[in-house]
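1. could you look at this predicted model? Sequence included:
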Number of protein chains: 2
Amino acid sequence: MPKRSAGMRDVARRAEVSLSTVSRVLRGAPGVAPEVRERVRAAADELSYAVSRNASGLVTGRTCRVAVVVPSLRPWFFGAVASGLGHALHAAGLDMLVHQADGAEDWTRDLPLPHNSDALVAVALQVTEEQYAHLGDLAGPVVLAGEELPGRASVFIDDRAGTAGATHHLLNLGHTRIAYIGTHTEHGPSRSSAARMAGYHDAMAEAGAEPWTVSKPPGPDGGELAVGELLSHQSPPTAVLAESDDVALGAYRALRRSGVRVPEAISLMGFDDHDASAALDLTTVDQAPEALGAAAGQLAADLVHGRRPSDTRIELPVQIVPRQSTAAPQERRTSP
Amino acid sequence: MPKRSAGMRDVARRAEVSLSTVSRVLRGAPGVAPEVRERVRAAADELSYAVSRNASGLVTGRTCRVAVVVPSLRPWFFGAVASGLGHALHAAGLDMLVHQADGAEDWTRDLPLPHNSDALVAVALQVTEEQYAHLGDLAGPVVLAGEELPGRASVFIDDRAGTAGATHHLLNLGHTRIAYIGTHTEHGPSRSSAARMAGYHDAMAEAGAEPWTVSKPPGPDGGELAVGELLSHQSPPTAVLAESDDVALGAYRALRRSGVRVPEAISLMGFDDHDASAALDLTTVDQAPEALGAAAGQLAADLVHGRRPSDTRIELPVQIVPRQSTAAPQERRTSP
């Protein structure tokens, strides 16, 4: 059970600082010199004083917490986004509550949000205008990360430009028979899946090349199935662009098991820069999930602290990362 | 700013349920039929009523939150543990606060813990007896996940038995020149690094085989450096066991770049069952990080709710996952 033998005033007196400095240090707020912070903590320790965010929240109307909702913490990508978020929030003196939507049909209804946080960040979750308003009522300012809603606070990448750039990379190497592996769930493709496939179509149309797309369930299994289908054609593609590195990992496994050499027989390219992509020498599109999280966390902190961010819609750049899984085709083939 | 136009009593009246049912539903506690939950939520929505955990916490002495500390959310492994934790805590009506230790020398001092949570789960972080006591004072019951402290609540695997089993797998295939890649930081090897290396030594000694260990910094880069060293020997190993799949990924890349075929020339084995390991067909030791997190979350929830868990020290099994990266050596070599 919590000890409460001393008050904040006692800590301030012992550390010889102002009450507000004690408050800042114990809330983890920035802007206090390290030696002062240390002195305040030592005094609080000696007096067994511990600040309660619950109690202080009832005074300030703040909880000093931000709720973060991710589809799941299981895939590396959302862990990386949450890591960037956690760092940015911590630097702003805010704790991070993490909820997993877990594919719930309306995850916005299942959150224990009210008065539990000062803001909410939704990561890679599609939100309708109505849901956005509902969340705002319950949780304060809402920031979307990796998704966007017109006019609403969001941090996102241009998925369409990303796959267009990736397709150009393959076209520039001399490929024309470039297949694209997209994904869909039972609800159809997600917004980002649709945008990524559109970018591929843009670049192929611009180059006058025939598009060739397959769509499978998300993840490595989808990539594996897609390669099975592509390799069953009379004239397989010379290059494959996968919607994500997760899909590319499955494609890679299927190619290797089939004895198809990458990049000699088929070039393979992904999107996201998965941890394992460097180990596999997979050419990919880096979208820096930690930076995405950090920008969303900073934006949420600004909104919580009543600072007017210069922009509440932040588009982050993507970057092609060329590695050894893509190369010029060994022999040019013509479209059928 | 929070709306507060109606009280919990109004919600109970409108939904025609008891006050305690309203409380359970709005706290996200289990044990309420879905249709009742829906009715209460609809009533709360209509009345714009929202429960505040801050306010209820001051009445019950509970915050309905558990603090989870991970080294970082960036590596897939900790995201997976946190995912299991989140699910178990959510099922018990508890929210999850996530903090990242980020390699801080004494992370136990940098947490805004006091009165912010009902319990704390430390994931893969070494804790001294003194730190454990300090955390307990600040945060309530403390559970260690992936680490252990004699007599303290912890959920862990037997790292030593895991690498001993992995080494037996390679010995049983006919290998005797088995190299082991361990890791260390500037502070030396972690407890689990030391335990995993000890398991390798156990099995090699039992088989009368000569141990051969190298130790590098953690992560894929360490694996890459280690393979560089191993391949520079006059008579390289026929099998390599890496302390973790992260290390094995780097080793795999170095072997592939050197034109050394896996498993034909060298068998490669990891530990952890990384997401990418299936795609790479990497033989590994599965330690089920989500299950580890779920067990730790369940234990923490039991302690918060004052239930006496049957055991506060839980050892989870590990499992060898044989894939195509390990095979019998092509030619038996003798030790030098």
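-> Ah, there it is.

2. contact partners of stretch A:297-306?
-> With C-beta atoms under 8 Å, 6 or more residues apart in numbering or on different chains as the test, stretch A:297-306 has contacts from A:62, A:66, A:84-89, A:91-92, A:94, A:118-121, A:140-141, A:143, A:153, A:155, A:308-309, A:312, A:314. Bear in mind the C-beta positions are built from the backbone N, C-alpha and C, glycine included.

3. avg pLDDT for it?
-> In this model, stretch A:297-306 carries a mean pLDDT of 95.

4. and chain B, which of the contacts of stretch A:297-306 contact it?
-> Counting by C-beta under 8 Å from any C-beta of the partner chain, A:Gly86, A:His87 from those sit close to chain B.

5. okay, and the nearest residue to A:Ala251 once chain neighbours are set aside sits in which element?
-> Excluding its sequence neighbours, the residue lying closest to A:Ala251 (C-beta to C-beta, 6 or more residues apart in numbering or on different chains) is A:Gly223, at 3.7 Å. Using DSSP states H and E, A:Gly223 sits within helix A:220-231.

6. which helix or strand contains the nearest residue to A:Ala198 once chain neighbours are set aside?
-> Nearest residue to A:Ala198 in three dimensions, chain neighbours excluded: A:Arg160, at 5.2 Å (C-beta to C-beta, 6+ apart). Assigned by DSSP H and E, A:Arg160 belongs to helix A:159-172.

7. can you check A:Arg253 too?
-> In this assignment (DSSP H and E), A:Arg253 forms part of helix A:245-257.

8. and A:Ser192, how close does it get to A:Ala164?
-> The spacing between A:Ser192 and A:Ala164, counted by C-beta to C-beta, to the nearest Å, is 14 Å.

9. same thing with A:Arg152?
-> Using C-beta to C-beta, A:Arg152 is found at 25 Å from A:Ala164.

10. ignoring the adjacent residues along the chain, who's closest to A:Phe271?
-> Among residues not flanking A:Phe271 along the chain, A:Val285 sits closest, at 4.5 Å (C-beta to C-beta, 6+ apart).

11. with A:Asp202 instead?
-> Distances taken as C-beta to C-beta, 6+ apart place A:Ala164 nearest to A:Asp202, at 4.9 Å, with adjacent residues excluded.

12. swap in A:Pro289?
-> Excluding the flanking residues, the one nearest A:Pro289 by C-beta to C-beta, 6+ apart is A:Ala80, at 3.9 Å.

13. so what's A:Ser258 up against?
-> Counting by C-beta under 8 Å, 6+ apart, A:Ser258 touches A:Val227, A:Leu231.

14. got the residues of the stretch 201-336 of chain A near chain B?
-> Residues of the stretch 201-336 of chain A lying near chain B by C-beta under 8 Å from any C-beta: A:220, A:246, A:249-250, A:252-253, A:256-257, A:274-276, A:278-281, A:290.

15. what's near enough to touch A:Ala205?
-> The contact partners of A:Ala205, by C-beta under 8 Å, 6+ apart, come to A:Pro211.

16. tell me how far it lies from A:Pro189.
-> 19 Å.

17. one more: A:Gly79?
-> Distance from A:Gly79 to A:Pro189, by C-beta to C-beta: 24 Å.

18. quick one: neighbours of A:Ala207, just the number.
-> When neighbours are counted by other C-beta atoms under 10 Å in any protein chain shown, A:Ala207 registers 16.

19. check which helices and strands the helix holding A:Gly223 is in contact with.
-> Contacts defined by 3 or more C-beta pairs under 8 Å, 6 or more residues apart in numbering or on different chains; DSSP states H and E place helix A:220-231 against strand A:178-183, strand A:212-216, strand A:239-242, helix A:245-257.

20. that one to strand A:178-183, inter-axis angle?
-> For helix A:220-231 against strand A:178-183, the angle by axes from the mean of the first three to the mean of the last three C-alpha atoms, to 10 degrees is 150 degrees.

21. contacting residues around helix A:220-231?
-> A:179, A:181, A:183, A:214, A:216-217, A:236-237, A:240, A:242, A:246-255, A:258, A:260, B:278-279.

22. change it to 6 Å
-> A:179, A:181, A:183, A:214, A:216, A:236-237, A:242, A:246-247, A:249-251, A:254-255, A:258, B:279 (C-beta atoms under 6 Å, 6 or more residues apart in numbering or on different chains).

23. for that helix, buried residues please.
-> Residues A:Pro220, A:Asp221, A:Gly222, A:Gly223, A:Glu224, A:Leu225, A:Ala226, A:Val227, A:Leu230 are the ones in helix A:220-231 that count as buried (16 or more other C-beta atoms under 10 Å in any protein chain shown).

24. how close does A:Val36 get to A:Val22?
-> Noted for A:Val36: a distance of 10 Å to A:Val22, by C-beta to C-beta.

25. more neighbours: these two, which one.
-> More neighbours surround A:Val22 than the other of A:Val36 and A:Val22, with 27 against 16 (other C-beta under 10 Å).

26. doesn't that one belong to a helix?
-> Yes. Secondary structure assignment (DSSP: H, G, I helix; E, B strand; the rest coil) places A:Val22 inside a helix.

27. that one contacts A:Ala12, correct?
-> Yes. Here A:Val22 reaches A:Ala12: they are 4.7 Å apart, a contact under C-beta atoms under 6 Å.

28. ranges for the strands of chain A?
-> Assigned by DSSP state E, the strands in chain A fall at A:65-70, A:95-100, A:119-123, A:142-145, A:154-157, A:178-183, A:212-216, A:239-242, A:267-269, A:284-286, A:313-316, A:319-321.

29. low pLDDT regions in chain A?
-> In the predicted model of chain A, residues A:1-7, A:26-30, A:45-61, A:112-115, A:331-336 satisfy pLDDT under 70.

30. how is it divided into domains?
-> Listed domain ranges for chain A are A:8-60, A:65-157+A:288-305, A:159-286+A:321-334 (source: automatic domain parsing).

31. can you say which of those is packed in most?
-> Sort those by mean neighbour count, taking mean count of other C-beta atoms under 10 Å in any protein chain shown, and domain A:65-157+A:288-305 sits at the top with a mean of 22.

32. start to end distance for that domain?
-> 12 Å (C-alpha to C-alpha, to the nearest Å).

33. may I ask you to confirm that A:Ser277 is in contact with A:Val247?
-> No. The pair A:Ser277 / A:Val247 is not scored as a contact, 11.9 Å apart, by C-beta under 6 Å.

34. ok, back up a step: how about the helices and strands packed on helix A:220-231 in CSV, adding distance to A:Ala328?
-> Shown next, in CSV, are those (distance: least, C-beta to C-beta, whole Å):
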stretch, distance to A:Ala328
strand A:178-183, 13
strand A:212-216, 19
strand A:239-242, 10
helix A:245-257, 18
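
35. and these: which comes nearest B:His169?
-> The closest of those to B:His169 is helix A:245-257. By C-beta to C-beta, the value is 21.4 Å.

36. quick one: contacts of the closest one?
-> Contacts for helix A:245-257 (C-beta under 6 Å, 6+ apart): A:181, A:219-224, A:227, A:242, A:262, A:270, A:272, A:274, A:277, A:282, A:284, B:276, B:279.

37. of all of the stretch 151-300 of chain A, which residue lies closest to chain B?
-> Going by C-beta to the nearest C-beta, chain B is nearest to A:Ala276 of the stretch 151-300 of chain A, at 3.1 Å.

38. now that residue. Nearest residue, chain neighbours left out?
-> Nearest-residue entry for A:Ala276: B:Ala276, 3.1 Å, with adjacent residues in sequence omitted and distances by C-beta to C-beta, 6+ apart.
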